[in-house]
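*Asks:* what shape does this take:
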Amino acid sequence: MTSRPGIEELKRLVAERFPMEAQLVDAEMDDFDEDAYEIWLEKFCDTTNAAMQRRDAAQVDAHLLFISQRLASADEHVRRTLDVAYVENLMCNLDPDGKRWAWPRIPANLKALYSDLWGTPKI
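*Replies:* Next up is the predicted model:
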């Protein structure tokens, strides 16, 4: 699988697994090109962050497990895209209590990427 189709496939899989969140993200994509998959993934991360703010454990766990599994089997391009478009934005705008609640839920491979960029949250 070449790099661009890999990202397109990832978007398709996310939308298939999380159709309600995909509809919300699609509604925000009017000002972007149809193939702005990285931005689409950033906005999908926003739905994860919103679930973290609500303390919606089921939704947060489902998102994180799914992304963690995709990361585990990703080629280098998809891995870098997940790192920049999803993990880099993870827990964005969460207060310290939200980070304290969310951090233990994050799978190890996502934590490693997050920590490489932001360090381990002070919780």
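*Asks:* when you work out contacts or count neighbours from here on, use the C-alpha atoms and nothing else.
*Replies:* Fine.
*Asks:* what does the longest helix belonging to the chain rub up against?
*Replies:* The helix that spans the most residues within the chain, counting by DSSP state H, is helix 37-54. The contact list for helix 37-54 (C-alpha atoms under 8 Å, 6 or more residues apart in numbering) reads 7-8, 11, 21-22, 25-26, 29, 57, 59-60, 63-64, 81-82, 85-87, 89-92, 94, 98, 101-102.
*Asks:* and with 7 Å instead?
*Replies:* 7-8, 11, 21, 25, 59-60, 63, 81, 85-86, 89-92, 94, 98, 102 (C-alpha atoms under 7 Å, 6 or more residues apart in numbering).
*Asks:* same check on stretch 108-123?
*Replies:* 68, 83, 87, 88, 96, 99, 100.
*Asks:* ok, stretch 74-89 next?
*Replies:* Taking C-alpha under 7 Å, 6+ apart as the rule, stretch 74-89 contacts 3, 6, 7, 38, 39, 41, 42, 45, 71, 110, 113, 114.
*Asks:* which stretches of the protein form helices?
*Replies:* Secondary structure of the chain, counting by DSSP H: helices at 3-17, 19-27, 37-54, 57-72, 76-85, 96-102, 108-118.
*Asks:* packed most tightly, which of those helices would that be?
*Replies:* helix 37-54 (a mean of 21; mean count of other C-alpha atoms under 10 Å).
*Asks:* centre of the chain to it, how far?
*Replies:* Helix 37-54 sits 6 Å away from the centroid of its parent chain (C-alpha atoms, centre = their mean, to the nearest Å).
*Asks:* alpha carbons only: can I get it in PDB?
*Replies:* Output in PDB follows, covering the C-alpha atoms of helix 37-54 (Å, rounded to 0.1, in the frame of the first residue of the first chain):
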ATOM      1  CA  TYR A  37      -7.200  13.400   5.200                       C
ATOM      2  CA  GLU A  38      -4.700  14.700   7.800                       C
ATOM      3  CA  ILE A  39      -7.000  17.500   8.700                       C
ATOM      4  CA  TRP A  40      -9.900  15.000   8.800                       C
ATOM      5  CA  LEU A  41      -7.900  12.900  11.300                       C
ATOM      6  CA  GLU A  42      -7.200  16.000  13.400                       C
ATOM      7  CA  LYS A  43     -10.900  16.800  13.600                       C
ATOM      8  CA  PHE A  44     -11.600  13.100  14.500                       C
ATOM      9  CA  CYS A  45      -9.100  13.600  17.400                       C
ATOM     10  CA  ASP A  46     -11.300  16.600  18.400                       C
ATOM     11  CA  THR A  47     -14.200  14.100  18.900                       C
ATOM     12  CA  THR A  48     -12.000  12.000  21.100                       C
ATOM     13  CA  ASN A  49     -11.000  15.100  23.100                       C
ATOM     14  CA  ALA A  50     -14.600  16.100  23.500                       C
ATOM     15  CA  ALA A  51     -15.400  12.600  24.800                       C
ATOM     16  CA  MET A  52     -12.600  13.000  27.200                       C
ATOM     17  CA  GLN A  53     -14.000  16.300  28.400                       C
ATOM     18  CA  ARG A  54     -17.400  14.500  29.000                       C
END
